[in-house]
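# Pasting the sequence and the predicted coordinates here, then a few questions.
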Number of protein chains: 2
Amino acid sequence: MIEYTPPVEDYRFLLNDVLDFEAAMADMGKDIDADLAAAVLEEAGKLCAQTLAPINREGDEEGSRLVDGAVRTPPGFADAYREFVAGGWAALSGDPEWGGQGLPFILQLWLDEMMSAANLSFGLFPGLTRGAAEAIADHATEELKATYLPRMVSGEWTGAMALTESGAGTDLALLKTKAVDAGDGSFAVTGQKIFISSGDHDFGGNIVHLVLARLPDAPAGVKGISLFLVPKFLPDADGEFTIRNTMSVGALEKKMGIHAQPTCVMNYDEATGWLVGEPHRGLAAMFTMMNAERLMVGIQGLGIAGAAYQQAAAYARERLQGRSADGARSPVAIIEHADVRRMLLNVRAFVEAGRALAGWTALQLDRAHGHADPQERAKADGLVALLTPVVKAAFTDFGFEGAVEAQQVFGGHGYIREWGMEQYVRDARIAQIYEGTNGVQAMDLVGRKLSMAGGKVAEEFFDLIAADLEADAQTDAAAPVAQRTATALGLLREATAGLQGAEVNALGAAAHDYLRLFALVSFGWMWTRMAAAAAGGDTLFHKSKVEMAHYFATRVLPQTEGLAASISEGEGPIMAMDAEAF
Amino acid sequence: MIEYTPPVEDYRFLLNDVLDFEAAMADMGKDIDADLAAAVLEEAGKLCAQTLAPINREGDEEGSRLVDGAVRTPPGFADAYREFVAGGWAALSGDPEWGGQGLPFILQLWLDEMMSAANLSFGLFPGLTRGAAEAIADHATEELKATYLPRMVSGEWTGAMALTESGAGTDLALLKTKAVDAGDGSFAVTGQKIFISSGDHDFGGNIVHLVLARLPDAPAGVKGISLFLVPKFLPDADGEFTIRNTMSVGALEKKMGIHAQPTCVMNYDEATGWLVGEPHRGLAAMFTMMNAERLMVGIQGLGIAGAAYQQAAAYARERLQGRSADGARSPVAIIEHADVRRMLLNVRAFVEAGRALAGWTALQLDRAHGHADPQERAKADGLVALLTPVVKAAFTDFGFEGAVEAQQVFGGHGYIREWGMEQYVRDARIAQIYEGTNGVQAMDLVGRKLSMAGGKVAEEFFDLIAADLEADAQTDAAAPVAQRTATALGLLREATAGLQGAEVNALGAAAHDYLRLFALVSFGWMWTRMAAAAAGGDTLFHKSKVEMAHYFATRVLPQTEGLAASISEGEGPIMAMDAEAF
């Protein structure tokens, strides 16, 4: 069995010494101490380690199956889900108005990290439910909210998002599913959707689909799309949800990974649904879901890379091969070999910086929702908007690369299924694709996000980093990390200036490399802060934080030079070739 | 069905305009014209496209199975193999002394590229057979050669290499399989081997295992390992191979990919075998196999990336999503989007440079075997030895990354099995691991290979590149590519100088990044040569070669800056952390 150790020590360090959680909460008028927060994470970690991790491998081998039109999840999944709900974990960050516990989003995001590390296929069920509930809370009628939200927030019912069609993925303007007014306040929804995660399951309870469709009078394009709530079960005369809606699972997608997760082809055949939000304004409602989901998907990359790192580090400490550097001992644990260390350090350099940056971003989201001052809320909201594509794309890119490097540490055993390393790679791969491919994220960053408030949001973020670097450079252990990060920040500012007012192709040509540059600078910022925070301590934990920061600054951060150089070349080299020459 | 188009036009270009194939052959006293060579490749390509590619997807779904102790390969594999042998393709580059056609190795390597592109699992059967035959030819007795080689060179019989044990992978010193002299010239071999590709199959004919084992009086460590030829079928009194040897398939490994390839756990139970080479000198014989195999494995990465590129480019030309850059047209083929182009160009920048570099290296191998002048042979041999770890590791790393990028072009469809893109990723992954992990290759490069002839081999290679760059800089279209490559070559020379006399950990800390830097410079060299060669032509083919060279120089080559900076940091950041802190 593959063991998973929740990174609780790291969470404590971040809460107490790096992110100053209590002060951040107090600033929002909330009195939550860091010990309580860590205790919540520790309990959540136990569930992930003891209940979710043990069913992950078999979940991959067995997969979800379609039996007589209904999804059967792998052994243990339904029980685990019920345990998850009974423990109140589905409701952790949910709105108290609907029965949620209202705990800060930073705890939710780190719970998501642990769930993804333990069992990504499982984590998608509550994750998608939260996204759907959020869209309903923000856009649906009071009646729909009262009917659906209490049972979705508790996790008793689950949610699914039905957006993609075979001809309409990134470009939703092309979608064809139709909705017709039934005259009784409901609509009849007809069409086929693909890639629908958690579209069906055997956990019991209702499954609430949010379906994008067109009304008969809809204008063409994205301005003619509406959002509908289409539940698997409809209420009968007594208000019990016993009537099967006319929607069905056409097939389960056969995928590279996340085999335990039932990714459905869904057919809606005049299925009964209700409008969520205004007619033709479905995209706005959908983006409510998407933004929260995108942060969560980024965290999936982080979670898997963290789990893969743990396995690889443990293996490297135990696996005996080769000779010590001085030639005196043989065989030695492969952790002694520099190139094995390099692989492990690479993964960890991302994981721990990512965990910190996720925490910082989540605190901004908490501020955006909970701060008393509207200006502070708006500022935090801008920062979350800026960071969302970075977290989504960079965390899933580095997360996938990290899973691959951790797999490499195992040599041939990494390629064999029973060791579990190749599952991490296959599972991590989806996160680079869904909820908007990483290319779409990069375009969102350089297009929409950099131009927010005329570029001021990005500028303020860079100023904030610069101020932290300057402050932390006073600490000896952090100074070299701060200096190198400041140099990289200079490259990022220059690249940002170069994109002001750029045309679409120039933005597209820069987007991928720019996002990666942005992420590396942000990681450098977090490593600087962690090095400064750890500098006082003399435990192995603190010492290794400082060493990791130096590793990042010297061996990872230099990538920024090539990225900046590449970005400066502009669109020419990319747009030159004729389409037919590809 | 997934179509594969053999890159025959590219081969022609390389043979005629870049590598000057006819002159190279003439210099070795061989009279083979480039048209004939291209015609051979064209015919080989037809077999790959029409016979091997069509059974690749089903091969992945069905996999090889173990039925009553015998391997059953997927539908079509046995027939395809017999067709392959009947067409003489197994014997293409084989020694005429044993019935081979003796065609140049450059044709063999490009045939390998097409086989890997069409069906990697299939390509391993003839590939391993060639490696085993080479070891037998170089080290076995005349009797063993006469008995086994004719039928192995023709492909009637296949070969397998049985090296790895569960506790002995990279470090063969740890292996435990034993061989005891049977007193009749044969040995009784007993032990268990894992990860044995092509260990068994249902193609008919004998299967010749080369097994590493220890004799009873063997010294400990790698100097006590001997190599044995252990055939599945032993000769009866009439010299017919009808007697089943006491070896069996214990299990098939369940793997991430290459499902059609039967990767066996093999049990040898006092199996009859014969010594190949001197007692205790098995490692030397094994390295004969390994070196040829390593080039071939590099080519596997190239082949898969090339195939994945073709699919992705075709998809990008057809898939309609989003708006044109000027906003006027919607939806447009995604090939219009800069970030999609970037992904495709990245893959192609590697594939075409890799194809050229593979051809150049193969020509050196031809010289090393076939040139009349022993000094020329030795020089070519040194270059092949230098390039072998680079081709193996860099081609499989870039090949895997290329398969991932090509998959990304497909969005969600790339994650779905039926499209075939995720199979490329899973199949390509193994090539980074087997025949010596890429970490081992990098250590081989910085350790053994850079110090050959006191560093002169590497120096001569760099001088050769520098001379070509200078010459090609005279061609306008190639000049900027040559200049940028020259700058990168400067970084490579500097890094090389920094590694002279370095200790093991310093070498290990640099190895990975150094190999990648070395590869990028080599690709830049090939792009310069291709740009210069294509500069005269005005076809779309020639024009796009020049554009690709510029893309590589401006958007890929800048990575060398970060790599050089990272290498210059030395071992400190990697070796600092305590093993227990990982």
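Yes, it's here. Residues are numbered from 1 along each chain as shown, chains lettered A, B, ... in the order given.

# does residue A:261 really touch residue A:64, like I thought?
Yes: counting by CB atoms under 8 Å, residue A:261 does reach residue A:64; the two are 6.6 Å apart. For the C-beta atoms, the positions are set from N, CA and C on the backbone; glycine is no exception.

# and stretch A:398-415, how far out from the chain's middle?
20 Å (CA atoms, centre = their mean, to the nearest Å).

# again, but for stretch A:249-269
Put simply, stretch A:249-269 sits 21 Å off its chain's centre (CA atoms, centre = their mean).

# Identify each buried residue in that stretch, please.
For stretch A:249-269, burial by neighbour count (16 or more other CB atoms under 10 Å in any protein chain shown) applies to A:249-250, A:252-253, A:255-268.

# The residue in the stretch 101-250 of chain A that chain B sits nearest to: what's its closest spatial neighbour, skipping adjacent residues?
Closest residue of the stretch 101-250 of chain A to chain B, CB to the nearest CB: residue A:171 (3.8 Å). With sequence-adjacent residues excluded and distances taken as CB to CB, 6 or more residues apart in numbering or on different chains, residue A:171 is closest to residue B:321, at 3.8 Å.

# The one you found: what's it in contact with?
A:168, A:169, A:170, A:171, A:174, B:331, B:332, B:334 (CB atoms under 8 Å, 6 or more residues apart in numbering or on different chains).

# need those in JSON lines with distance to residue B:221 and secondary structure, can you?
Shown next, in JSON lines, are these (distance: CB to CB, whole Å; DSSP: H, G, I helix; E, B strand; the rest coil):
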{"residue": "A:168", "distance to residue B:221": "62", "secondary structure": "strand"}
{"residue": "A:169", "distance to residue B:221": "57", "secondary structure": "coil"}
{"residue": "A:170", "distance to residue B:221": "57", "secondary structure": "coil"}
{"residue": "A:171", "distance to residue B:221": "62", "secondary structure": "coil"}
{"residue": "A:174", "distance to residue B:221": "65", "secondary structure": "helix"}
{"residue": "B:331", "distance to residue B:221": "64", "secondary structure": "coil"}
{"residue": "B:332", "distance to residue B:221": "63", "secondary structure": "coil"}
{"residue": "B:334", "distance to residue B:221": "56", "secondary structure": "helix"}
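
# between the residues you listed, which is closest to residue A:76?
If you rank the contacts of residue B:321 by distance to residue A:76 using CB to CB, residue A:169 comes first, at 32.3 Å.

# Please tell me how far the closest one sits from residue A:277.
Per CB to CB, to the nearest Å, residue A:169 is found 22 Å from residue A:277.

# which SS state does residue A:118 fall under?
Taking DSSP: H, G, I helix; E, B strand; the rest coil as the rule, one finds residue A:118 in the helix state.

# Could you check stretch A:530-549 against chain B for contacts?
Yes: in terms of CB under 8 Å from any CB of the partner chain, part of stretch A:530-549 sits within range of chain B, namely A:540, A:541, A:543, A:544, A:547, A:548.

# nearest spatial neighbour of residue A:544, skipping sequence neighbours?
Nearest to residue A:544 is residue B:581, by CB to CB, 6+ apart, at 4.0 Å.

# residues in contact with the one you found?
By CB under 8 Å, 6+ apart, the contact set of residue B:581 is A:540, A:541, A:543, A:544, A:547.

# My read is that residue A:233 contacts residue A:204, right?
No: with contact defined as CB under 8 Å, residue A:233 does not reach residue A:204; the gap is 10.7 Å.

# Leaving out sequence neighbours, find the closest residue to the closest residue to chain B within the stretch 251-400 of chain A.
Closest residue of the stretch 251-400 of chain A to chain B, CB to the nearest CB: residue A:338 (2.9 Å). Nearest residue to residue A:338, sequence neighbours excluded (CB to CB, 6+ apart): residue B:508, at 2.9 Å.

# so what pLDDT did the residue of the stretch 101-250 of chain A closest to chain B get?
Per-residue confidence (pLDDT) for residue A:171: 87.

# now residue A:1
64.

# Could you do the one 3 residues further on as well?
Looking at residue A:4, its pLDDT reads 97.

# helix, strand or coil for residue A:326?
Once three-state DSSP is applied, residue A:326 turns out coil.

# which residues sit in contact with the closest residue to it other than its chain neighbours?
Leaving aside its chain neighbours, residue A:326 sits nearest to residue B:504 (8.0 Å; criterion: CB to CB, 6+ apart). By CB under 8 Å, 6+ apart, the contact set of residue B:504 is A:325, A:326, A:327, A:338, B:447.

# what about residue B:504, distance to residue A:141?
From residue B:504 across to residue A:141, the span is 70 Å (CB to CB).

# what's around residue A:30, how many residues?
With neighbours defined by other CB atoms under 10 Å in any protein chain shown, the count for residue A:30 comes to 15.

# can you check the one 3 residues further on too?
Residues within reach of residue A:33, counting by other CB under 10 Å, total 13.

# What count of nearby residues applies to the residue of the stretch 101-250 of chain A closest to chain B?
Neighbour count of residue A:171, defined by other CB under 10 Å: 20.

# Sheet-wise, list the partners of the longest strand seen in chain A with their directions.
Of all segments of type strand in chain A, defined using DSSP state E, the longest is strand A:263-276. If you go by DSSP bridges, strand A:263-276 pairs up with strand A:187-197 (antiparallel), strand A:226-231 (antiparallel), strand A:247-252 (antiparallel).

# Check the offset of it from the chain's centre.
Counting by CA atoms, centre = their mean, strand A:263-276 comes out at 26 Å from the chain centroid.

# Check stretch A:162-178 too.
With CA atoms, centre = their mean as the basis, stretch A:162-178 stands 22 Å off its chain's centre.

# Show me what that stretch is in contact with.
A:189-196, A:199, A:209-216, A:220-222, A:225, A:230, A:266, A:268, A:283, A:286, A:436-437, A:440, B:320-322, B:330-331, B:411-412.
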